[in-house]
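>>> build me a structure from this.
(one chain, ligands or ions: 1)
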Amino acid sequence: MSGFTEENNTELQNLGIVVREFSHAPTTARHFHLEAEDDNNAFMVGFPTIPDDSTGVAHILEHTALCGSKRYPVRDPFFMMLRRSLNTYMNAFTAPDMTAYPFATKNKKDFYNLLEVYLDATFFPLLDELDFLQEGWRYELKDSGAVPQILYQGVVFNEMKGAMSSPNSQLWQYLHSSLFPDTNYRFNSGGDPIEIPNLTYAQLKSFHQKHYSPANAVFLTYGDLPYEKHQEKFENLVLDEFNSAKEVAKIKFQASFDEPSQIDHFYYQSSLDGSSDFVLWAWVYGSVTDPIDVVEMNLVTDILIGHSGSPLQAYLESIKESKSPSELNGVDDSSRQLIFACGLEGVSANEKKIDTYENRIFEILRSLIENPPSRETLTATLDRLELDQSDLGAGNYPLGLQLFGRILPSTIYRDDPLNLFRLENIIGSLRSRLSDEIFFPNLIKKIFLNNKHWTRITMRASMDVNPERLIKEKLQSVTSSFSKLEKDKIKSESNLLEKRQNTKCNDNILPRLTLKDVPAGALLMEPSDLSEENIKAFDVLSNNIFRIKLAFPISNLNDQELKLLPIWCEFITQLGSETDGYRLVQQKRAAVGEFEVNCHFSSRADEGSNISGFITVSAKGLNRKIDEIVTVAATLIQTARFDENERLVDLLMQASNEYEHSVVQRGHYLAMLSSARHLNQSSGLEEMWSGCSFINDLKKIVYDDQKKMECDAVFEIFRSIKNKVLQSEPLIMSATDRQNLRNSVTTIKSFYRSLPSISSEILINEKSFEEPMSWVIESNVNFCAASYKAVLESDPDAAVYSVLGKYLQDEYLHSKIREKGGAYGSGASYSPSGESFKFFSYRDPRLSGTIQDFRESIKHFLGSKCNSKRLEESILGVIRNLDGSRRPVAEASRSFNCILNCKTDDSLKEFRENVLHTDFNRLKRVAENLVGQKPNISIISNKAHIEELRKNKFSFDKI
Ligand SMILES: [Zn+2]
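Numbering: from 1, shown residues only. Below is the predicted model of the structure:
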């Protein structure tokens, strides 16, 4: 008999799910099942894990729990399962007050395989001390040089060093510690690199014991598999082993402040330019699990900073002494209480000026009490909130996991999770209150003016707080007195760890999928019979959302125009129109829907052909606004004006600042682009549009010698791009349910009747692509990349290179670069757009050693015998990426992109067949092609490594 009792069941028609809530006796474990007609079944188990310090114990536990368990005592079952499964998602994450382990898959056998491994890993992990050393932190003796040096090493240690390299991550941490000073949100749950080495192995084990018990656990499941079977598994594999257990105390609400606080911090920069400070204001209001608070907070936020025409956003963007409004602007719902934050980055934080900004912010808030936004403005905002709620996404993230994300906090805090599925009702009831004149003024008073729970944080750049130096000093003070005995212990632990890392474990214990379980590839979605020659109309379930995309082929752009094209795309939606200034345009457009312009190029069909590319105008909005959405999308480029010089200066500064800050998050990608940029035209174009030189080119535009901008010249280029784009006729995608689709096609036809242009040709002056370059940035970790020439996507060997990437990664790179080298990530992959094969490392403490490992991986492979299991896993890995989990809207979008890029069911099938039939000899043949080439190297690193870059003759530049 099952110990689970059903306590509630509710049908939610708009989401197409039934939510069933169960509790289990005697353990008090809880289970929420979201019953849906969807075969992409999902699972998540979550625990409240509130840290008592910043050692990152919850985060290190998340990593080590996945390193072997009672029934699966192998070294890293998580990565092993990742490779032998057709999962559509597999991960684990640590939030400030909870840890969760999610996965999703469309294959039933795979679901139960993964379920067994996840349950065993979370409730019965081995927590081997050596895994703690590998994943958490350890001392390592470095023998090079006269005196052996002791260093810190470890995956989480390096991961957090990388994460905390970003000034905004530090600011985010300060935001929480200053708003919730009496709660455990003041700690860094991921781990502060200086504190991580205070964590002991014993503390790790007891943290698990206390927090990962059934009484604390929440099981979430979604999909078409029966809940009874899930519960049978939970009981047999976990709950039967426990009688009862104590529930941990939940994190408390922070008592409201009597007075607002003011906090000053510093962050490290290796050189100062006088305008790299941050300032942030933030208010605490309500609860993240109260639907009324959530809607009210989002409504106010959208009115204040929703777009450049919003009063507070307009002010923040207009401040000349600041590079950009803060990246943290908006609602933060990552703790129990909601936060509204707004601020500036790239300022000189002089107290008097900050006071002026602050006074002006309060003036704006007060003015909204005197002159509240019009009813139309408030209605438009609620429409946007409705759009956000109804839109279940067009991406690959499984729907089940997306729904879990909405309710996880409520289930952890034991609030009613259904509330957050019913925000539409709250939005509806607010609509009826909009005519009440004091409705909005009262909100402003409640959240801001009558609320003392707010803070002002200043974070100044300083050369004195180098985290590397602080870590070194700590290391020095702890280890300088180490006896020979202690040093020997470090050595012997390192040896034991290395031995363990080199041991082949018996992976037959783990369940697996084989190539027999691989389904036939799904065919592309067919456009419906409502389509026209220039309109591909897709009839899809869309929960009341309409999407449109216009694709204009690119041709005849010159070098300068090509260089500025990404910026043209980004800015054209931010500028004014023939009749209105940019603020009014933003306001009008926001009432209609969301609009975006992008540029893309596709890989060449054969050696002789040119690269083709498109400008796309994409929009989405509610079905009841189809006519307006189509009108705006169709006229957006046509009506753009290029004469608002001040606006252009602001936008360029913001964009440059944003790109610069993004480097520490995507350094591996940038290093890969840079390493390949001279290989061929498409790699050159890729780098030109999104790589480091793009960032530098942009900077050159923003600041010329006299620190003045040539706005007129930029606008002249913009005008020329616009004229060239408008010479072509677009191919158009429209997607929504059938009835609305019909209307949309009629409206689109009133703008576009001609056949779409087919010719697209991007010609680049090949001489403009320089040799690969390394880059020096402000970061504590490195990103390394190497690239090699490979083949066109249409070549049968393209599939073989894809499989080789997985093989090298799993057979060699993961062990050398992550487990032993301490980098957070590494990999190798075939790039179809760049016709190349690339290696990368992510948040890596090493540099030349990693490059050596890239090279060695190929040699090692060529000298090895076939590992047939590994080959099968590598093939599964490529198939997994091909199949993904696409929602109907995403299927439509994929199908449209294939039409644009001349891909057909046949060509996709051919690639898939080539993947499935890859054998070891074919792998060897392509690997031989790589080993004969000189690798092209690019590294993103920091000042401390300049010597090493020089020694290895890597030319480098500063971003
Ligand atoms: Zn991690």
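>>> which stretches of the chain have low pLDDT?
144-146, 701-707, 766-768 (pLDDT under 70).
>>> and the gap between the residue nearest to the spatial centre of it and S779?
Central residue of the chain (C-alpha atoms, centre = their mean): Q665, 9.1 Å from the mean position. Separation of Q665 from S779 (C-beta to C-beta, to the nearest Å): 10 Å. The C-beta positions use only the backbone N, C-alpha and C, and glycine is treated the same way.
>>> and what of Q654?
Distance, Q654 to S779, using C-beta to C-beta: 22 Å.
>>> can you check F839 too?
19 Å.
>>> swap in Q231?
Distance from Q231 to S779, counting by C-beta to C-beta: 47 Å.
>>> ok, now A892?
40 Å.
>>> do the same with A823
Counting by C-beta to C-beta - A823 and S779 are separated by 13 Å.
>>> who has more neighbours, these two?
A823 (30 against 20; other C-beta atoms under 10 Å).
>>> ok, and the closest non-adjacent residue to that one?
In this structure, A823 finds its nearest non-sequential neighbour in D844, 3.7 Å apart by C-beta to C-beta, 6 or more residues apart in numbering.
>>> ok, that neighbour - how many residues close by?
Per other C-beta under 10 Å, the neighbour tally for D844 reads 28.
>>> who's in contact with it?
158, 781-784, 817, 821-824, 826, 850 (C-beta atoms under 8 Å, 6 or more residues apart in numbering).
>>> neighbours around the nearest residue to S213 once chain neighbours are set aside, how many?
The shortest distance from S213 to any non-neighbouring residue, by C-beta to C-beta, 6+ apart, is to A245 (3.8 Å). As a burial measure, A245 scores 18 neighbours (other C-beta under 10 Å).
>>> can you tell me how far A245 is from L115?
A245 sits 21 Å away from L115, going by C-beta to C-beta.
>>> same check, this time on F595
From F595 across to L115, the span is 42 Å (C-beta to C-beta).
>>> between the two, which one's more packed in?
Neighbours were counted for F595 and for L115 using other C-beta under 10 Å; L115 has more, 23 against 19.
>>> need the next SSE after the helix or strand encompassing the more buried one, C-terminal direction.
According to DSSP states H and E, L115 maps onto helix 108-123. Going down the chain from helix 108-123, the next helix or strand is helix 129-131, by DSSP H and E.
>>> quick one: that next one to chain centroid distance?
Relative to its chain's centre, helix 129-131 lies at 30 Å (C-alpha atoms, centre = their mean, to the nearest Å).
>>> what's in contact with it?
64, 67-68, 75, 201, 493, 496-497, 500.
>>> closest one to D712 out of those, please.
Among the contacts of helix 129-131, T64 lies closest to D712 (C-beta to C-beta), at 59.3 Å.
>>> so who does the closest one touch?
125, 127-128, 131-132, 135-136, 204 are the contacts of T64 under C-beta under 8 Å, 6+ apart.
>>> what's across from I732 in the sheet?
Taking DSSP bridges as the rule, I732 bridges to I535, L550.
>>> need phi/psi at the residue nearest to A823.
As for D844, its main-chain torsions (degrees, to the nearest 10) stand at phi -110, psi 130.
>>> so what sits opposite it in the bridge?
N782.
>>> state the distance from it to L475.
Counting by C-beta to C-beta - D844 and L475 are separated by 19 Å.
>>> then L726?
Applying C-beta to C-beta to L726 and L475 gives a distance of 61 Å.
>>> more neighbours: which of those two?
Applying other C-beta under 10 Å to L726 and L475 shows that L475 carries more neighbours, namely 16 against 13.
>>> contacts for whichever strand or helix holds that one, please.
Assigned by DSSP H and E, L475 falls within helix 467-479. The contact list for helix 467-479 (C-beta under 8 Å, 6+ apart) reads 139, 150-152, 161, 164, 193-194, 197, 268, 780, 944.
>>> try stretch 196-213
So stretch 196-213 is contacted by 27, 47-49, 53, 55-58, 60-61, 64-65, 99, 122-123, 125, 127, 129, 132, 136-137, 152, 154, 156-157, 160, 191, 242, 245-248, 474, 478 (C-beta under 8 Å, 6+ apart).
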